[in-house]
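Visitor: got a predicted structure here, sequence first:
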Amino acid sequence: MAKKATKSKKSRSSSTSAASAKNPSTPSNQKMVLRVKSSEKMKRSAQQSVVSEREKRRTSKSRPKSKQKKKNTRIDAKMPKKPPTAFFYFLEDFRKEFQEQNPDIKSMRDIGRACGEKWKTMTYEEKVKYYDIATEKRAEFDRAMADYIKRKENGEDQETEDDSEFDE
DNA sequence: GATATGATTGTTACA
DNA sequence: TGTAACAATCATATC
């Protein structure tokens, strides 16, 4: 439970929304900016041996397992979901191909593992298109989050009404 | 039947 | 700086 509280980490939109504020509704130019910005960041992390970090974390943590998932941990159903990362977009494509080539393997555990290995072998140029998509989605998420916060501040009772249907 | 788990990486925010 | 949580997916397991 405490995790969820932590998770509410909230107001993340405040900082990120700043970025999105720079690119309000916009087209390619700003998209480019976004892409470049994120690209640099991504490149850095991509170049960094993120792998060891992950493994280290995993090994050190012994994977508590019951940490994620839970699905409806979101306090507010109307709160925008976190956008998928570049890797997740790649995972979508990869899964389709993987299942075509390996119809017997349906477990996301195996697919995820294979996808992770493939991802590590990909070059930054190959990944950049996924980073681009993820960046756009993140900008959308920031805007949605800002809007969500604004609405909440204005009066979330309206939402409670909607929520009532959720009651069921 | 409903919900959790596993496996992956990236991103974000807090301590 | 490090760490924890969560995003998608879906067969499988558990309750």
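Guide: Received the coordinates, thanks.
Visitor: tally of neighbours for residue A:100?
Guide: 8 (other C-beta atoms under 10 Å). Bear in mind the C-beta positions are built from the backbone N, C-alpha and C, glycine included.
Visitor: point out where chain A drops to low pLDDT.
Guide: A:1-75, A:77, A:156-168 (pLDDT under 70).
Visitor: give me that answer again for 90
Guide: A:1-83, A:92-114, A:116-118, A:120-126, A:129, A:131-133, A:135-168 (pLDDT under 90).
Visitor: longest helix of it?
Guide: helix A:124-155 (DSSP state H).
Visitor: so is that one next to DNA strand B?
Guide: Yes - contact of helix A:124-155 with DNA strand B (C-beta under 7 Å from any atom of the strand) involves A:127, A:131, A:134-135, A:138.
Visitor: could I get those residues as JSON lines with neighbour count?
Guide: Listed next are the residues of helix A:124-155 next to DNA strand B as JSON lines, based on neighbours: other C-beta atoms under 10 Å:
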{"residue": "A:127", "neighbour count": "20"}
{"residue": "A:131", "neighbour count": "23"}
{"residue": "A:134", "neighbour count": "21"}
{"residue": "A:135", "neighbour count": "24"}
{"residue": "A:138", "neighbour count": "20"}
